[in-house]
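Peer 1: coords below, sequence missing:
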């Protein structure tokens, strides 16, 4: 079933599990999907940056996509960002044929002006075809491309197949408010907004009007709780669930080793068999692992799911 | 008294208070200094980026420096980063003559290679004179200049007047460990390391070997507590003091509005009369102010100093 | 007399002459101005990037401005780009009081979106005052700020005191055509367009509608000739004058040593006494000087003014 | 036959010909190869940036490689730069199996410090295998990665399979001299140095010690002449051949439309049937085409091969 603007909840950014020798760990893929489903996620996003997509060759990317789509009982979004449109088209067609719900596209770092950005996504839609639902990824911290709310509105209004914003600007709270304001004044059509940034601002993003989270923090079950409390208007409860995780969320924010932290915790939770990353990869020193263990032990006083040692 | 490598504790990054019309608020400067001193800081750093230094003209910068040095009972470090060495020299001489303890220098964004970085600081030392103690600012997230531990070691060993590192790399925990390791193996001389990043990682930075913090978070008294607990080896106590502040510290991390948050809280605490910034400046919306108020109210359950409303 | 949109011809980007010890060479300033005037320039621009402005302190910048304004018989534009508006305001007021014809402002590198750029120049005009004529510098190759023709149009239409564009985009020929097209369709008011880029594309820029050149190539007399031929519609003559200089113009394009080449040739032509630059500066090796000499000897076969050795 | 450090002459950067509908123009590939061979090139490099490699999907890239290797009578180098090592490995193995002489690798833009650069190429060599000869691409203007001569030396000395430098730094003349100096003092082993930058500095690069050119300027026959004259020590003859082409070489330097100029001229010369580029692509306006025609007509007075209209 195709993705549309009513999507909400937690779309987890799935890791890509590897065996110690760097080969794809297909057994762990199934195990990880089952883990995510047990956490209550409403969707999955694969082949994103934190899914080590650029480290896969094209055959591997397609094989993983097929396996995840087959196993998952919730919609699967596949990242198809590529250096060129030919590769983007190939992957988008293959994964949609395989049953993906939609694709996600990030702008290439070279884009600067509003016009360049708008034109790029027009060309991308031509490449993937106008009927393929897609997610617009707005991640200036890493991609260096800055899209104003007006530019996002223009992209959404120009391209009916754009159904979701992966909101990952930083700071980004006002951006959510501005976009929801555009919808209130009738200048922007309905659009699902899921937020990234490793959930660092999820508490307030929900209050500003987000529909949920799209991120890969190793406790997706907590994210599900926070989104549910927020949607029920239970502000204090949402923050009470969120705050004890903030020391670890913050620790995972460290670019370069954030994914190592995430895989280390996912392994401890039994979601994957190994925390292996493909090169180039930041590695956790013994000191860093001990810090994560300490954070988990402190977290366990508030959240029993963190009792992992 | 000149700064040296034994410096430790909390060197607060001082704000620059303005009147609503944008003029320097000299009355608030005195009030703010007294506030910082009452928090237990061991030093102050002025004219840093969060002190809105680039928004001052050269006469204003010097006048503020003189006022702070006169009032403060702890050492004062003055940021002298400038687009060229002539302006750097002028300011450094003037503030050292006025009684500053040392100066701080950030690398200009154009530097890329190890050689370029090392050469730049050699030229900077020629400009400020070999007897002026100085702080090396390592802030790649904003400055885009990446200095490896080896490059830092070379700069420190080449320039005896470099007595302190303002450590603001991100992630940076391993960098502290590596530099301390260099000292253990005898290849690096003693060096004070104070950490920035708005205190986001202060809990672990202390455990890795930092001598304290150099940042402007609006609760310097908490930073003083955390540093003291850490130096006493009271790990849990340090984290217990730190964690309740993390939601606000995290909120203040938002680039572009972080300083607005900081000045808003400093004003609430009575440290400055107005939260005015000079243009260009990010401003807090009503929604954002309400979020900060909410964070303060939650914080007040753990730290009575946050009872501000 | 204040600068306005009718400015045309060659506004030479003046070098800043130094003595071998790095002090300002005031005698050479007068000599250089007389040299430029003898070349037939219609204006001068000082304190630009190639004038080593960031290497001057504020007193030096003002002193040089006063000397040039006093000596020059053609309008003088002063670069007032600064890290903040307070310094920009101080310098702009001082030089306009001293008799400058206008100021030039470059956007700071951090600007990305169309909105950010437009807002920045609105703030800059507030800083320098609405009656100060100013030149918009569009130099993305070095400044990394990309302004589309539409953004330039908006800045010009928003700010009546913007009277000139220093066009230095690369490639930029279509930009000139587009801006002239805006004027043809009535959406842009009259605007002087002078081109930079070290004159590398001056031949075609004139044909696209430029009013002249604003650059510091060491043979401004040749630029004057090319502009005159182009304005007279003598296409072949313009290119015939231009082409023999292209090997040297190209050589001077090398960032980092381009200014060294320029000062070396200016010294040979007797315009300045020393080719000294302040640090940081690229220096010419013996091999590079010999290459410039060889280029001059080849050029001298076509242009007797290049007979310098 | 595998590439080694004795390579010299002109390795042309081959264009990728497309049909008007964007499909690969296989007939033109053969025609273009024959054209390049008739120009006297000693090698070819395909799937470089100017070969629109990122716009191909992996099947297309391999098919083109096989066709070129089959047709060419001179060594073929294939660009295998990729966002990750898995894709790099796949392509490198396939093209070497198909008979390529070597591969070319550019550093990804994120690399900053000397260590990061050295480590990256160590990992790349692991990916392609230690027996695959490869070319180190040094192109800071576009890639933003700055490699000092010492870093290049370390990469070459660490990796015996690195046999050639594609030198494309700007300014870069001193870099060639420095590297040749390293060889003279015995600290660097023999290495072929071919230069890029669209041949803008080929005249002097040869005099500094380059072994030839690796670029795609549409008159490779002229490049062959210049290299031959330079290798014979005929300085004036080399410059006399080179200078008349400089106006067009300069015009082709315009990033974004440079490839459009190149394909337009290649089509006029009969080397390819269409000047089509895949999106995203800069296009030549009628005014730009007329300018190229004018440049060709002026060039034809000196070089009869430019008589194309």
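Peer 2: Perfect, thanks for sending it. Everything numeric here is computed off the predicted structure, so don't read it as measured data. Numbers count the residues shown, from 1 in each chain, chains lettered A, B, ... in the order given.
Peer 1: and the closest residue to residue A:188 other than its chain neighbours, what pLDDT?
Peer 2: Nearest residue to residue A:188, sequence neighbours excluded (C-beta to C-beta, 6 or more residues apart in numbering or on different chains): residue A:182, at 3.7 Å. All C-beta atoms are positioned from the backbone trio N, CA, C, and that covers glycine. Residue A:182 carries a pLDDT value of 98.
Peer 1: Residue A:182: what's it in contact with?
Peer 2: A:149, A:153, A:188 (C-beta atoms under 8 Å, 6 or more residues apart in numbering or on different chains).
Peer 1: Repeat that for residue A:75.
Peer 2: Residue A:75 neighbours (C-beta under 8 Å, 6+ apart): A:1, A:3, A:7, A:11, A:42-44, A:101-102.
Peer 1: Can you read off the backbone torsions of residue A:79?
Peer 2: The phi and psi values for residue A:79, taken as degrees, to the nearest 10, are phi -70, psi 130.
Peer 1: Buried residues in the helix or strand of chain A with the lowest mean pLDDT, which are they?
Peer 2: Here the helix or strand of chain A ranked lowest by mean pLDDT, DSSP states H and E is helix A:140-143, holding a mean of 88. For helix A:140-143, the neighbour count (16 or more other C-beta atoms under 10 Å in any protein chain shown) marks A:140, A:143 as buried.
Peer 1: hmm, it in reach of chain B?
Peer 2: No. Counting by C-beta under 8 Å from any C-beta of the partner chain, chain B has no neighbours in helix A:140-143; the shortest distance is 8.9 Å.
Peer 1: So which bits of chain A are right by chain B?
Peer 2: With C-beta under 8 Å from any C-beta as the criterion, chain A meets chain B at residues A:170-171, A:173-174, A:177, A:200-201, A:203-204, A:207-208, A:239, A:243, A:246-247, A:250-251, A:254-257, A:285, A:287-288, A:291, A:298.
Peer 1: Take these and, keeping just the buried ones, write it as a ChimeraX select command.
Peer 2: In ChimeraX, this line selects whichever of the residues of chain A next to chain B come out buried by 16+ other C-beta under 10 Å:
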select /A:170,171,173,174,177,200,201,203,204,207,208,239,243,246,247,250,251,254,257,288,291,298
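Peer 1: List only buried entries from the contacts of residue A:75.
Peer 2: Here, 16+ other C-beta under 10 Å leaves A:3, A:7, A:11, A:42-44, A:101-102 buried among those.
Peer 1: Those residues: which two are farthest apart?
Peer 2: The most widely separated members of these are A:42 and A:102, with 13.5 Å between them, by C-beta to C-beta.
Peer 1: Read off the pLDDT value for residue A:128.
Peer 2: So residue A:128 comes in at 98 (pLDDT).
Peer 1: Okay, the nearest residue to it once chain neighbours are set aside and chain B: tell me how far apart.
Peer 2: Once flanking residues are discounted, residue A:128 sits nearest to residue A:92: 4.0 Å by C-beta to C-beta, 6+ apart. Applying C-beta to the nearest C-beta, to the nearest Å, the value for residue A:92 to chain B is 33 Å.
Peer 1: where's residue A:92 relative to residue C:48, distance?
Peer 2: Remark: distance between residue A:92 and residue C:48 (C-beta to C-beta, to the nearest Å) = 48 Å.
Peer 1: Please see if the least confident helix or strand of chain A touches chain D.
Peer 2: No. Contact of helix A:140-143 with chain D (C-beta under 8 Å from any C-beta) is absent, the minimum separation being 9.5 Å.
Peer 1: residues making contact with that helix?
Peer 2: A:49, A:106-109, A:137, A:146-147, A:168-170, A:255.
Peer 1: The same query, at a cut-off of 6 Å, please.
Peer 2: Under the contact criterion C-beta atoms under 6 Å, 6 or more residues apart in numbering or on different chains, helix A:140-143 has outside partners A:106, A:109, A:146, A:169-170.
Peer 1: okay, the closest residue to chain C within the stretch 151-300 of chain A: pLDDT?
Peer 2: Going by C-beta to the nearest C-beta, chain C is nearest to residue A:151 of the stretch 151-300 of chain A, at 7.4 Å. Per-residue pLDDT puts residue A:151 at 98.
Peer 1: contacting residues for it?
Peer 2: By C-beta under 6 Å, 6+ apart, the neighbours of residue A:151 are A:114, A:117.
Peer 1: Find the helix or strand that it is a member of.
Peer 2: Per DSSP states H and E, residue A:151 falls inside helix A:149-158.
Peer 1: Would you pull up how far the helix or strand following that helix lies from the middle of the chain?
Peer 2: Going down the chain from helix A:149-158, the next helix or strand is strand A:162-167, by DSSP H and E. In terms of C-alpha atoms, centre = their mean, to the nearest Å, the centre of strand A:162-167 is set 11 Å apart from its chain centre.
Peer 1: Kindly report the same for stretch A:284-303.
Peer 2: Worked out by C-alpha atoms, centre = their mean, stretch A:284-303 lies 24 Å from the chain centre.
Peer 1: Check which residues of it are buried.
Peer 2: Within stretch A:284-303, the residues scored as buried using 16+ other C-beta under 10 Å are A:284, A:288, A:291-292, A:294-296, A:298-299, A:303.
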